[in-house]
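> Dropping the sequence and predicted coords here.
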Amino acid sequence: MNKYYDIDIKTIIEPFQIRSVEPIKFTTPQQRRDALAEAGYNPFLLRAEHVLIDLLTDSGTGAMSSRQWAAMIASDESYAGSDSFYRFENAVKDITGFKHIIPTHQGRAAEHILFSSTVTEGMVIPSNTHFDTTRANIEVCKGEARDLVIAEGRQPQTIHPFKGNVDLDKLRETIESVGPENIPFVMATVTNNSGGGQPVSMANIKAVSELAHSYGLPFILDACRFAENSWFIKLREEGYADKTPIEIARELFSYADGCTMSAKKDGMANIGGFLALNDDTLAQQCRNLLILTEGFPTYGGLAGYDLEAIAVGLYEALDEDYLRYRIRSVAYLGEKISSAGIPIVQPTGGHALYIDARAMLPHIPDDQYPAWSLTNALYLLGGVRGVEIGSVMFGMQPDGTEKPAPMDLVRLAFPRRVYTQSHVDYLAEVLLALYERRDTLPGYRIVEQAPVLRHFTIRMAPVE
């Protein structure tokens, strides 16, 4: 009798009810053409009201829960020593186990404080793949952000369960050639955003930790998507199927000496982040800089209600029903479009789908930025905003020269708890229609750019 009711339901169902809605605006093709031209053909510069489905980023764009809003109403806005800070601190310590918790207004502030306190000219910081703000903050300190992801991590079509893993041989070679005294710490990003949202295995995290510590080097995690990484470990790594995401997360953090965190991702909040450390002396140095740039150590640039939202959100990000729905939603889109021939990073990642623009648009040379072209075409055709993760974002070298990025990708990052399956089906329709006319897409040239993090403000023009 029990077996009769045990069926495998295929339909994705959002594990929440919707009680408040926000309208989105439909635009005509001509309105989108005008808006994109006015924005200098840079989706970052579009007005949000002109975007139908916004997949520019999953950072701070999610929907908060009723429990988060309730906690925010009960916040303590005292300048120093607020109860909201201590609730925030207890949540972070409970999950990460780190000794010193330093709140910041977002993840890049945590990066800036950490690197400004540790990185001097000529130092090398190895990681699997540094993302844009991490790399920029290191380079501003005249250090080198060195990417050491495994070979499979730069092969979009290759199937590997943990394409975010650090290449241990390359890490050892780097430490030996550079010298441990010229490396302030070793890093790893979980999940590996620049490489397709790909996870890092627990075995790799443990091995990186042991290798770093054998040379006397601290190990720091960029942990903004730690919950998604923990879910992939549960699904894909032997020995973790029966463990809960929070148990896996606690083990993950136990191998590290600290982390930077954007709570706008797996903190489920619209703003906020933190730097967490075990080293007493370094933590004091970082707090001193925090006071100068962010605020008092018990608020760090955040309101009490922001601290409350993060304290609740960190646990909600580890909920199994939520993680199952989130990861499955991205995989669902990946299956629909890859089956039609659209080349994507395989297997699909956690927070986003990544389209291999270099493979999809072979007629556009690297110096005309195929991923930028595809991103703009997606907006023009369907009102969908994505982001280029390629040679515009990573092609400019510290000395000002250009070098094609290892991969030229379009990232479609899903805001947390915002869009439903019908939005995903619409997105698939637009992508499939775009694929049919891919040969007509133009390349782009740079008109105006900033010397650092140029993709945020760059202005482009189509190549006629």
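Alright, I've got the coordinates. Numbering: from 1, shown residues only.

> ok now stretch 22-32, how far from the chain's centre?
Its chain's average C-alpha position is 27 Å from that of stretch 22-32, according to CA atoms, centre = their mean, to the nearest Å.

> What are the contacting residues of it?
For stretch 22-32, the external contacting residues (CB atoms under 8 Å, 6 or more residues apart in numbering) are 35, 49-53, 379-381, 383. Placement of C-beta: from N, CA and C, glycine included.

> Quote the end-to-end distance of it.
For stretch 22-32, the first-to-last residue distance is 21 Å (CA to CA, to the nearest Å).

> ok, now stretch 238-245?
14 Å.

> Check stretch 382-393 too.
End-to-end span of stretch 382-393 (CA to CA): 23 Å.

> all strands for the stretch 51-200 of the chain, in order.
Ranges of strands in the stretch 51-200 of the chain, per DSSP state E, counting those that start in this stretch, are 53-54, 100-104, 124-127, 144-147, 186-189.

> In its sheet, which strands sit next to the shortest one, and in what direction?
Strand 53-54 has these partner strands in its sheet, going by DSSP bridges: strand 384-385 (parallel).

> what element comes up after the strand it pairs with heading to the C-terminus?
Using DSSP states H and E, the helix or strand that follows strand 384-385 in sequence is strand 387-389.

> what's downstream of that following strand, the next helix or strand?
Next element after strand 387-389 (DSSP H and E): helix 391-394.

> Within its sheet, name the partner strands of the following helix or strand past that next one and how each one runs.
Sequence-wise, the next helix or strand downstream of helix 391-394 (DSSP H and E) is strand 409-413. Sheet pairing for strand 409-413, assigned by DSSP bridges, gives strand 352-356 (antiparallel), strand 387-389 (antiparallel).

> about what we covered before: most neighbours per residue, which of the strands of the stretch 51-200 of the chain?
strand 186-189 (a mean of 28; mean count of other CB atoms under 10 Å).

> What helices and strands are in contact with that one?
strand 124-127, helix 202-214, strand 219-222 (3 or more CB pairs under 8 Å, 6 or more residues apart in numbering; DSSP states H and E).

> From the chain's centroid, how far away is the second one?
Relative to the chain's own centre, helix 202-214 is displaced by 22 Å; criterion: CA atoms, centre = their mean.

> cool, stretch 308-318 as well?
That offset, for stretch 308-318, works out to 17 Å (CA atoms, centre = their mean).

> got the buried residues for that stretch?
308-314, 316-318 (16 or more other CB atoms under 10 Å).

> Which of those residues sits closest to residue 424?
residue 317 (20.3 Å; CB to CB).

> Go ahead and confirm the closest one touches residue 267.
Yes - if you go by CB atoms under 8 Å, residue 317 and residue 267 touch, sitting 6.9 Å apart.

> Tell me, please, where in the chain the pLDDT is lower than the cut-off.
Counting by pLDDT under 70, the ranges of the chain that qualify are 1-7.

> Checking residue 268 next. Helix, strand or coil?
coil (DSSP: H, G, I helix; E, B strand; the rest coil).

> And for it, the neighbour number?
By other CB atoms under 10 Å, the residues close to residue 268 number 27.

> Hmm, it is touching residue 318, no?
No - under the criterion of CB under 8 Å, residue 268 is not in contact with residue 318, lying 10.0 Å apart.

> packing partners for the top helix by length along the chain?
Determined from DSSP state H, the single longest helix within the chain is helix 320-338. Helices and strands touching helix 320-338, by 3+ CB pairs under 8 Å, 6+ apart, are helix 226-236, strand 352-356, helix 421-436.

> mind checking which of these is nearest residue 337?
Across these, closest to residue 337 is helix 421-436 (CB to CB), at 5.0 Å.

> Please identify which helix or strand holds the closest residue to residue 435 other than its chain neighbours.
Nearest residue to residue 435 in three dimensions, chain neighbours excluded: residue 342, at 5.2 Å (CB to CB, 6 or more residues apart in numbering). Assessed by DSSP H and E, residue 342 sits outside every helix and strand.

> list the contacts for residue 342?
Residue 342 touches 355, 360, 431-432, 435, counting by CB under 8 Å, 6+ apart.

> 7 Å - rerun?
355, 360, 431, 435 (CB atoms under 7 Å, 6 or more residues apart in numbering).

> What about these, which one has the most neighbours?
Neighbour max across these (other CB under 10 Å) = residue 355, 30 neighbours.

> Give me the buried subset of the contacts of stretch 22-32.
Applying 16+ other CB under 10 Å to the contacts of stretch 22-32 flags 35, 50-53, 379-380, 383 as buried.

> which one of the residues you listed sits closest to residue 20?
Nearest member of these to residue 20, counting by CB to CB, is residue 53, at 18.5 Å.

> which residues pair with that closest one across the strands?
residue 384.

> The closest residue to residue 353 other than its chain neighbours - how many residues pack around it?
Of all residues not flanking residue 353 in the chain, residue 412 sits nearest, at 4.7 Å (CB to CB, 6+ apart). Using other CB under 10 Å, residue 412 has 27 other residues around it.

> and for stretch 187-207, what are the contacting residues?
Counting by CB under 7 Å, 6+ apart, stretch 187-207 makes contact with 125-129, 131, 149, 153, 162-166, 168, 208, 220-223, 225-226, 228-229, 232-233, 237, 240, 251-252, 255, 345, 349-352, 354, 389, 409, all of which sit outside it.

> Spatially central residue for the chain, please.
residue 193 (4.7 Å; CA atoms, centre = their mean).
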